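*Asks:* Mind looking at a prediction? Sequence and model below.
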Amino acid sequence: MRRAEGRIAARDRLLSVGGFVALWWIGSRVAASASLLPSPGAVAIFAWRECLNGALPRAFGATLARVLIAFALAMVGGGCIGYLAGRSPRANAWLDPWVAIALNLPVLVVIVMAYIWVGLNDTAAVLAVVIAKAPTVVVTVREGARTLDAGLAEMAAAFRLPRWRRMRFVILPQLLPYLVAAGRGGLSITWKIVLVVELLGRPDGVGYMLNLYFQNFDVTGILAYGLTFAGAMLLVETFILQPLERRANRWRSDV
Amino acid sequence: MFDVRIERKAFVAAGGVRRDILRDIGFSIAPGEIIALLGASGIGKSTMLRILLGLDSAFDGHVRHGPVRIGTMFQDPRLLPWLTVADNLRLVVTDGMPSPDLGVLLDRVHLPDAGGLYPRQLSLGMARRAALARALAVSPEMLVLDEPFASLDPRMTAALGAVVAQWSRDTGAAVLLATHDLAHALQLATRVLVLAGTPATLAADIAVAPGGAAAVLDNLKSRFGFFRPGGDGLPVAAAWD
């Protein structure tokens, strides 16, 4: 039953993607000029050529590295701060104004200031992304930490469970839905911020290439790089994050 | 083994008023003793067990004991829902403890096939038995059980009572069980502690000799007079205060 539902969902997803490509193709046929909206085929051929000459994999690698490093730092740092804020009202009183400021600070301001203060380098790029992303992780994990089951904490204390075992088996499983929610939303936000960071001050990466093609008004190049990277992130979400989420929630439905 | 002295334990009630719950309670627990802690619902039995377990340190007094392994069972099972029953048992076994035979433990509590099940797949009674197996998994020298036989049928209550008594006999473990099931407590216990009054004090500390449950029951009736005539041995809550 569950497998059949999964097959139907997969088919619907494929049909949805097919519908998007079809709409795009129709749009390219009615557009005033092919240079304004090239067809899916033209973009695919362009992306393939960029793959063959090595430009696209190089840009991809640079951007992916920044995304993964920034994402990991934002998740770990934001997760730890969120847990602390959720468990300690005093820590929360100190941290809450900082989080509120960080949440409301325009990403562009963070990026520009990081480049000015740290320099036009990768450290500044990653730092800007972490500062922009971590507050949302803090807020999500803080909610999770506030709802931790006090009875289970007492059980762990009564059995004198070692600190690591408490964290691994009692606390983290309760936080996992919140971490996965922060992660799923976080990845898409992170890579979009990384592109802006690259566009503003890096000599490589997908964001840099988008800037290059934008200066030449080359829509085919912009779509080839933008959509390829979006597709890659979709694959990461579908084949890594979603299975992780299903695995984390297996005990809820395994009845 | 355990030396307990609670001068005063208070809660802050609504409006910021401190209300004493327990006062002037002192007793010790020796290896091999099975002590039934009796008292009406809400009188402070669970609070006292939490103090013994080191979960509540906000009281005047002390709880002194050597490095004993303590197995415990709360009123609700408190199994981790994301672990199977077997993994819940494995979780509490830490370095330096003898490794238990989980199959034997689950057999003892009449859950021979439940090791691979998740807690959501168990009835409340089964979950309580799994919680008892978890308490035994640490090879306890002291068992602290809070209403261990609630929501079990009489046959299962008797069976699990026998498991606890057997464990105490085999290993010399002390047992402290809070209950308001007087009839069952007297079948199992070698000693009875009674909490009564407001705030609760230790109103009685009576040894139960083998075959002497009836005499203890008479003693409690004459001193407290709170048992339903011809009833099931459950105390009438109001009469405890």
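*Replies:* Great, that's in hand.

*Asks:* use CA for all of it now, contacts and neighbours both
*Replies:* OK.

*Asks:* pull the helix or strand with minimum mean pLDDT from chain B.
*Replies:* None of the helices or strands of chain B scores lower by mean pLDDT, DSSP states H and E than helix B:213-224, at a mean of 78.

*Asks:* how about it: buried residues?
*Replies:* B:213, B:216-217, B:220 (16 or more other C-alpha atoms under 10 Å in any protein chain shown).

*Asks:* would you turn these into CSV with distance to B:I34?
*Replies:* As requested, the buried residues of helix B:213-224 are arranged in CSV below (distance: C-alpha to C-alpha, whole Å):
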residue, distance to B:I34
B:A213, 13
B:V216, 15
B:L217, 17
B:L220, 18
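
*Asks:* Helix, strand or coil: sort out B:L22 for me.
*Replies:* strand (DSSP: H, G, I helix; E, B strand; the rest coil).

*Asks:* Sorry, slip of the keys, the one I care about is B:A58.
*Replies:* B:A58 - assigned by three-state DSSP - is coil.

*Asks:* again, but for the one 5 residues further on
*Replies:* Taking three-state DSSP as the rule, one finds B:V63 in the strand state.

*Asks:* Also A:M75?
*Replies:* A:M75 - assigned by three-state DSSP - is helix.

*Asks:* Could you list the contact residues of chain A toward chain B?
*Replies:* Residues of chain A found near chain B (C-alpha under 8 Å from any C-alpha of the partner chain) are A:151-152, A:154-155, A:157-159, A:161-162, A:165, A:170, A:173, A:251-252, A:254-255.

*Asks:* Torsion angles phi and psi at A:G86?
*Replies:* Note on A:G86: backbone dihedrals following degrees, to the nearest 10 are phi -70, psi -30.

*Asks:* Touching, it and A:T140? I think so.
*Replies:* No: in this structure, A:G86 is not within contact of A:T140 by C-alpha atoms under 8 Å, at 9.8 Å.

*Asks:* ok, back up a step: please check the residues of chain A next to chain B and keep the buried ones.
*Replies:* Buried among these by 16+ other C-alpha under 10 Å: A:152, A:154-155, A:157-159, A:161, A:170, A:173, A:251.

*Asks:* Now for these: which two are most distant?
*Replies:* A:A158 and A:W251 (24.4 Å; C-alpha to C-alpha).

*Asks:* Confirm B:L117 sits in a strand?
*Replies:* No: assessed with three-state DSSP, B:L117 is coil; it does not lie in a strand.

*Asks:* how many neighbours does it have?
*Replies:* B:L117: 17 surrounding residues under other C-alpha atoms under 10 Å in any protein chain shown.

*Asks:* what's the nearest residue to it if we skip its chain neighbours?
*Replies:* Of all residues not flanking B:L117 in the chain, B:T84 sits nearest, at 5.3 Å (C-alpha to C-alpha, 6 or more residues apart in numbering or on different chains).

*Asks:* What of B:T190?
*Replies:* B:V208 (4.7 Å).

*Asks:* what's the answer for B:P98, then?
*Replies:* In space, B:P98 is closest to B:S139, 6.9 Å off (C-alpha to C-alpha, 6+ apart).

*Asks:* pLDDT value on that neighbour, please?
*Replies:* At B:S139, the pLDDT value in this model is 93.

*Asks:* Let me know the helix or strand that A:R142 is in.
*Replies:* helix A:122-146 (DSSP states H and E).

*Asks:* Now do the contacts for the residue of chain B found nearest chain A.
*Replies:* Closest to chain A within chain B is B:W82: 5.1 Å, counting by C-alpha to the nearest C-alpha. By C-alpha atoms under 8 Å, 6 or more residues apart in numbering or on different chains, B:W82 lies in contact with A:173, A:251-252, B:118.

*Asks:* Looking at the stretch 151-255 of chain A, which residue is nearest chain B?
*Replies:* For the stretch 151-255 of chain A, C-alpha to the nearest C-alpha, closest residue to chain B: A:W251, 5.1 Å.

*Asks:* cool, and the stretch 1-150 of chain A?
*Replies:* For the stretch 1-150 of chain A, C-alpha to the nearest C-alpha, closest residue to chain B: A:D149, 9.7 Å.

*Asks:* Roughly how far does that residue sit from B:L143?
*Replies:* 23 Å (C-alpha to C-alpha, to the nearest Å).

*Asks:* Just want to know which of those two has more residues nearby.
*Replies:* Just comparing A:D149 and B:L143: by other C-alpha under 10 Å the higher neighbour count belongs to B:L143, 25 against 13.

*Asks:* For the residue nearest to B:I6 when sequence neighbours are not counted, give me its contacts.
*Replies:* Spatially, and ignoring its direct neighbours in sequence, B:I6 is nearest to B:G61 (4.5 Å; C-alpha to C-alpha, 6+ apart). Contact analysis of B:G61 by C-alpha under 8 Å, 6+ apart lists B:4-8.

*Asks:* Now that we have the residues you listed, which of them are buried?
*Replies:* B:4-6, B:8.

*Asks:* Output the residues you listed as TSV; include the columns distance to B:L195 and secondary structure.
*Replies:* Listed next are the buried ones among the contacts of B:G61 as TSV, based on distance: C-alpha to C-alpha, whole Å; DSSP: H, G, I helix; E, B strand; the rest coil:
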residue	distance to B:L195	secondary structure
B:V4	14	strand
B:R5	14	strand
B:I6	13	strand
B:R8	14	strand
